[in-house]
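S.K.: any chance you can model this:
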Amino acid sequence: MISIVRKLVIISSGLLCCYCATMKDSVLLGLGTGAIVGGVVGSLDKENPDGAWRGAAIYGAVGALSSYLIHKGLEDRDSKVRKDTLFNLERYSVTRPTGQGLNYNYSISAPNVDTECFETQVRSGKLIQAHCESTIVGQPEWVEGPTKHQTKKVNSNGN
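M.R.: Next comes the predicted model:
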């Protein structure tokens, strides 16, 4: 009977170490695996009739916590690797191709934005503090050379 429990613990531990796509999946896998292993181990205690339930609860909590910590560690590691890669592309031999006729002097323009500013005023018994409202009126475009952000300011009279 003990060899079956050992096999179950080894298989469950292997499942626990699997990388799930989401934190929820990882925690649920750890909880379920821990509960199964805890229930089996707890049921081996013949002197305690609640051993299976107690074991399932304790091992389930430990499995869920372990899965959370493992998944969080993997997410942090992956985030660090992504940042390291993106900010150091030259270290990974990622460069712009060069060659005859290639022109990389293009960029994306800022969208055209109309901005309307209002003074502090009381309207219908409500105090409306000075503020500006901006509306995007044009989409960005591919342009040659660097671009500058342009806004059109309009006062509260519409001018």
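S.K.: let's check: the centremost residue of the chain is which one?
M.R.: With distances taken as Cα atoms, centre = their mean, the chain has E75 as the residue nearest its mean C-alpha position (8.5 Å).
S.K.: residues contacting it?
M.R.: Residues counted as contacts of E75 (Cβ atoms under 8 Å, 6 or more residues apart in numbering) are M23. Quick note: C-beta positions are derived from backbone N, CA and C, even for glycine.
S.K.: where's it, which helix or strand?
M.R.: helix 51-87 (DSSP states H and E).
S.K.: again with D114
M.R.: Here D114 sits within strand 113-118, counting by DSSP H and E.
S.K.: give me the below-cutoff pLDDT ranges for this structure.
M.R.: 1-20, 93-104, 145-159 (pLDDT under 70).
S.K.: run the last query once more with 50
M.R.: For the chain, applying pLDDT under 50 flags the ranges 147, 149-154, 158-159.
S.K.: returning to what we had before: need the next SSE after the strand holding D114, C-terminal direction.
M.R.: Next along the chain after strand 113-118, with elements defined by DSSP H and E, is strand 121-123.
S.K.: tell me the strands beside that following strand, with direction?
M.R.: Strand 121-123 has the following strand partners under DSSP bridges: strand 126-128 (antiparallel).
S.K.: which parts of the partner strand are buried?
M.R.: For strand 126-128, the neighbour count (16 or more other Cβ atoms under 10 Å) marks no residue as buried.
S.K.: give me the contact list for that strand.
M.R.: Applying Cβ under 8 Å, 6+ apart, the set of residues contacting strand 126-128 from outside is F118, T120, Q121, V122.
S.K.: circling back to that earlier point, in the helix holding E75, which residues are buried?
M.R.: 51-52, 55-57, 59-60, 62-64, 66-67, 70-71.
S.K.: for these, which one is nearest T85?
M.R.: H71 (21.1 Å; Cβ to Cβ).
S.K.: just checking, the closest one touches L29?
M.R.: No - proximity of H71 to L29 does not meet the contact threshold set by Cβ atoms under 8 Å, at 9.5 Å.
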